[in-house]
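Participant: Pasted the sequence and its predicted model underneath.
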Amino acid sequence: MRKVSIKDVAQRAGVSNATVSLVLNGKEKDGRVGKEAADRVRKIAAEMNYQPNALARSLQSGRTYIIGLIVADISNPFFSSLAYYVQDQIGRAGYSVIIMNTNENDQNLEKIVEMLKNHQVDGYVIVPTEKGEKTIIKLQELKRPLVLLDRNYTNLKTYAVMVDGSQASFEATSMLMEYGCKRIGLISYEGFHSHMAERRYGYMGALQRAGFYKPELESYVRFNKLEEDIEREIVRLIDKKVDGLLFATNSISLTGIKVLLKHQIKIPEMVRVVCFDKSEAFEFMSNPVPYIQQPIETIGRKAADLLLEQMEGKELIPQTCRFPATLVRRDR
């Protein structure tokens, strides 16, 4: 079957080839194409299953119309959902997305960025690793369109999109105290990730205000030794008589709850918990678990929009956009 061309779409839509090209490249406003005509072109192109010639498009524009999306762990539901919304928003503008995974490893981030540079991608959305500043600085020096997502580096001026983790943790810890908890533990990832630091500050701030803060009730686990470390730390915290726990990520939450149940620690009768992000597993528990709902769609689409604006040549001031999370109270 012969491949559908721009000429075929133009003939059926009753417009010029140039009009079809403008519309399908998202430039109808530049060519002053009316909304009705543009909508008709897009509808007919979809009906005819028109597939643009990527090579010709790239040679004509000097772009690849591909962006690189680098996340920490695509198997984590948070990052897979985030990737979906970034990809969907970027796709609406006519770009394709290469999604890569660092496993929170600085060397992996460096290698992935080099590979994407060799593929001449037009821009980057990156969930940065703990010590990946040098890799990010190199991209900035090359003046590549770039947005950091979920975390940032406080010493770098970059475009970044994050959730207000400090406020979310403050509210979650305060809720546990409303339930009567006084010895509240935190389980978070070790290291100096900005988003983990914010969550700790919120937890610590709420407890300090109430006079309940005890440093020994903080626990930090390794990304690549998650189950082993959480098992050890929960046993330690239970021995210290914690009556509440804040789990700083959904991966930590699921593993932590599994360990509590393994040790026959009843939730919420013996220990109350609150988690970052919702999990379907919560629905199968006899007592619903409260959680912090992050605005995943909002931050994913915002990151994509910021990248698109840079690729369109708009003059923007590097900024960190923070969005509030919602505390979902599900028990008393």
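Facilitator: Structure received.

Participant: From now on I want contacts and neighbour counts done on CA atoms only, so please keep to that.
Facilitator: Noted.

Participant: Report all helices and strands that the helix or strand that contains G300 contacts.
Facilitator: If you go by DSSP states H and E, G300 is part of helix 296-311. Helices and strands touching helix 296-311, as assessed by 3 or more Cα pairs under 8 Å, 6 or more residues apart in numbering; DSSP states H and E, comprise helix 77-92, strand 123-126, strand 146-149, strand 160-163.

Participant: Report the buried residues of the longest one.
Facilitator: Translated: helix 77-92. 78-80, 82-83, 85-90 (16 or more other Cα atoms under 10 Å).

Participant: Over to stretch 173-182?
Facilitator: Residues of stretch 173-182 classed as buried by neighbour count (16+ other Cα under 10 Å): 173-177, 181-182.

Participant: Now do the residue lying closest to S251 once chain neighbours are set aside: how many residues are near it, please.
Facilitator: Leaving aside its sequence neighbours, S251 sits nearest to N76 (Cα to Cα, 6 or more residues apart in numbering; 7.0 Å). Look at N76: counted by other Cα atoms under 10 Å, it has 14 neighbours.

Participant: Could you do E110 as well?
Facilitator: Around E110 there are 18 residues (other Cα under 10 Å).

Participant: State the helix or strand in which it lies.
Facilitator: E110 is part of helix 106-118 when elements are defined by DSSP H and E.

Participant: counting contacts, what elements does that helix pack onto?
Facilitator: Packing partners of helix 106-118 (3+ Cα pairs under 8 Å, 6+ apart): strand 66-71, helix 133-141.

Participant: one step back: the residue nearest to S251 and L146: what is the separation?
Facilitator: 23 Å (Cα to Cα, to the nearest Å).

Participant: likewise C181?
Facilitator: For C181 relative to L146 (Cα to Cα), the value is 43 Å.

Participant: same check, this time on M270
Facilitator: 46 Å.

Participant: more crowded one of the two?
Facilitator: L146 (26 against 15).

Participant: For the more buried one, give the beta-bridge partners.
Facilitator: Counting by DSSP bridges, L146 is bridged to Y124.

Participant: Provide a list of residues in contact with the residue minimising distance to the centre of the chain.
Facilitator: In the chain, the C-alpha nearest the mean C-alpha coordinate belongs to L82, at 4.4 Å (Cα atoms, centre = their mean). L82 makes contact with 296-297, 299-300, according to Cα atoms under 8 Å, 6 or more residues apart in numbering.

Participant: With C321 instead?
Facilitator: So C321 contacts 159-162 (Cα under 8 Å, 6+ apart).

Participant: Tell me the spacing between it and V289.
Facilitator: Here C321 is placed at a distance of 29 Å from V289 (Cα to Cα).

Participant: can you pull out the helices in the stretch 201-332 of the chain?
Facilitator: 226-239, 250-262, 296-311 (DSSP state H, counting those that start in this stretch).

Participant: Reformat those as CSV; add mean neighbour count.
Facilitator: Shown next, in CSV, are the helices of the stretch 201-332 of the chain (neighbours: other Cα atoms under 10 Å):
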stretch, mean neighbour count
helix 226-239, 17
helix 250-262, 19
helix 296-311, 20
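
Participant: now those as JSON lines including mean pLDDT?
Facilitator: Putting these into JSON lines (pLDDT from 0 to 100) gives the following:
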{"stretch": "helix 226-239", "mean pLDDT": "96"}
{"stretch": "helix 250-262", "mean pLDDT": "93"}
{"stretch": "helix 296-311", "mean pLDDT": "96"}
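
Participant: can you redo those helices as CSV with distance to Y50?
Facilitator: What follows is these, written out as CSV (distance: least, Cα to Cα, whole Å):
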stretch, distance to Y50
helix 226-239, 47
helix 250-262, 41
helix 296-311, 24
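
Participant: about what we covered before: quick one, which of the helices and strands packed on helix 106-118 gets closest to I238.
Facilitator: strand 66-71 (33.3 Å; Cα to Cα).

Participant: partner residues bridging the closest residue to L116 other than its chain neighbours?
Facilitator: Residue nearest to L116 in three dimensions, not counting chain neighbours: G68, with 6.5 Å by Cα to Cα, 6+ apart. Judged by DSSP bridges, the bridge partners of G68 are I98, Y124.
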